[in-house]
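Undergrad: Predicted structure and sequence below. I'll ask about it afterward.
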Amino acid sequence: MSELEAELAMPPFPAEIGYVWQAWSRIRQRKGAGYSGPVPIEWTDIDAFLRRSGVVLAPYEIEFIEMIDDEFLKAYAAEPSPAEKAAAIKDGLGQVAKR
């Protein structure tokens, strides 16, 4: 059990950048999805968020939001699709039934 706990252990979230994470989260929550899942946050999304929310971000903070979003999209793309998950479950059940 301690091996699993060690694998799942994460460093604490850096509170100093919490406001950037919150900005990304607010923009992402309002961003629509395409046919194949989430689409990248665009400049127009960031611009509208900054103008309407009154939040002021430096260029490096906007770049950080873009980096967070890029990693989010990579992680989403790495996840198996619902069809792939269903096929894996079906294959697994078929293997169990053969035993």
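TA: All right, it came through fine. Bear in mind that the values here come from a model prediction, so they are computed numbers and not experimental data.
Undergrad: and Ala87, how many neighbours?
TA: A count of nearby residues for Ala87, using other C-beta atoms under 10 Å, gives 12. (Each C-beta comes from the backbone N, C-alpha and C, glycine too.)
Undergrad: What distance do you get for it to Pro80?
TA: As judged by C-beta to C-beta, to the nearest Å, Ala87 and Pro80 stand 9 Å apart.
Undergrad: And Arg30, by the same measure?
TA: 26 Å.
Undergrad: now do Pro40
TA: Using C-beta to C-beta, one gets 21 Å for the distance from Pro40 to Pro80.
Undergrad: residue ranges for the helices of this protein, please.
TA: Here the chain has its helices, by DSSP state H, at 2-8, 18-29, 43-53, 59-78, 82-98.
Undergrad: And the fourth one, how far out from the chain middle?
TA: Using C-alpha atoms, centre = their mean, to the nearest Å, the distance from the centre of helix 59-78 to the centre of the chain it belongs to is 8 Å.
Undergrad: Chain neighbours aside, what residue packs nearest to Glu61?
TA: Taking C-beta to C-beta, 6 or more residues apart in numbering, and ignoring the residues beside it in sequence, Glu61 has Val20 as its nearest neighbour in space, at 5.3 Å.
Undergrad: residue contacts, Pro40?
TA: Pro40 makes contacts with Asp69, Asp70, Leu73, as judged by C-beta atoms under 8 Å, 6 or more residues apart in numbering.
Undergrad: Surely the last one is in contact with Pro38?
TA: Yes. Using C-beta atoms under 8 Å as the test, Leu73 is close enough to Pro38 to be in contact (6.4 Å).
Undergrad: Tally up the residues packed near the closest residue to Ile62 other than its chain neighbours, please.
TA: Spatially, and ignoring its direct neighbours in sequence, Ile62 is nearest to Ile46 (6.0 Å; C-beta to C-beta, 6+ apart). As a burial measure, Ile46 scores 18 neighbours (other C-beta under 10 Å).
Undergrad: If anything else comes up later, I'll come back, but that's it for now.
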